[in-house]
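predicted model follows, preceded by the sequence.
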Amino acid sequence: MATKKQLNPGLKLVLDIGPLILFFVANSKYGIYVATGAFMAAILVALAVSYAMTRHLAIMPIVTAVIVVIFGGLTLVLHDELFIKLKPTIIYILFGGTLVAGLAFGKPLLGMVFDSVFQLREEGWRKLTWRWAIFFFVLAILNEIVWRTQTTDFWVSFKLFGVAPLTFLFAALQVPLLNKYSIGKKN
């Protein structure tokens, strides 16, 4: 079986974070509705570029794009920013719930997603999956608190300057677990 073509890590970061940066900039200059339209377009462009370069798409970006288009579309059509603010909560609950459901069926799904990047023993995949599931649920709660108690501009800024760094920090904090349970390494 041929290995899947991978994106350059720098380009992958741009495709992952670029739409969010555009959302932030467009919101600061033109408001939430223009920002939502720009975000929707940027997500679709990022998917197209990723597919053009690798000839495959991972499930998480597809699910994210579908939810962005649906909730962004509702935001624009109904002229109600509630929908774009709910979008992260729904995505985080969906991702966390999917990871927990996989564990309930004995399938640590992160192992399927990151198998080509990390080689971990089963216990490592299980622990890593639990950690990410809990992290997604915490992000869902955090999103709800922020959008319900702060201004729209603060919420948009929090998505870029709060959630993105928290995610990078959380991922970095998983390195000891990755090292401990790496295949070929003894406890």
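That came in fine, so what should we check first?

longest helix of the chain?
helix 122-149 (DSSP state H).

chain center to that helix: distance?
Remark: helix 122-149 is offset 11 Å from the chain centroid, using C-alpha atoms, centre = their mean, to the nearest Å.

stretch 33-41 now?
On C-alpha atoms, centre = their mean, the centre of stretch 33-41 falls 18 Å from the chain's centre.

repeat that for stretch 175-187.
Here stretch 175-187 is found 25 Å from its chain centre; the criterion is C-alpha atoms, centre = their mean.

who touches it?
Phe118, Gln119, Leu120, Arg121, Glu123, Gly124, Trp125, Lys127, Leu128, Arg131 (C-beta atoms under 8 Å, 6 or more residues apart in numbering). Backbone N, C-alpha and C define where each C-beta goes, glycine included.

out of these, which end up buried?
With burial judged by 16 or more other C-beta atoms under 10 Å, the buried subset of these is Phe118, Gln119, Leu120, Gly124, Trp125, Lys127, Leu128, Arg131.

doesn't Gly106 fall inside a strand?
No - using DSSP: H, G, I helix; E, B strand; the rest coil, the assignment for Gly106 is coil, not a strand.

how close does it get to Glu122?
Between Gly106 and Glu122 the distance is 10 Å, computed by C-beta to C-beta, to the nearest Å.

hmm, which two among the contacts of stretch 175-187 are most spread apart?
Within these, two members stand farthest from each other by C-beta to C-beta: Gln119 and Arg131, at 17.9 Å.

re earlier: dump the next helix or strand after the longest helix of the chain to CSV, keeping only the CA atoms.
On the C-terminal side of helix 122-149, the closest following helix or strand by DSSP states H and E is helix 152-158. This file holds the C-alpha atoms of helix 152-158, laid out as CSV (Å, rounded to 0.1, in the frame of the first residue of the first chain):
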residue,chain,number,x,y,z
THR,A,152,-17.8,39.4,20.0
ASP,A,153,-14.5,41.1,19.3
PHE,A,154,-13.0,39.5,22.5
TRP,A,155,-14.4,36.1,21.5
VAL,A,156,-12.8,36.3,18.0
SER,A,157,-9.5,37.4,19.6
PHE,A,158,-9.7,34.5,22.1
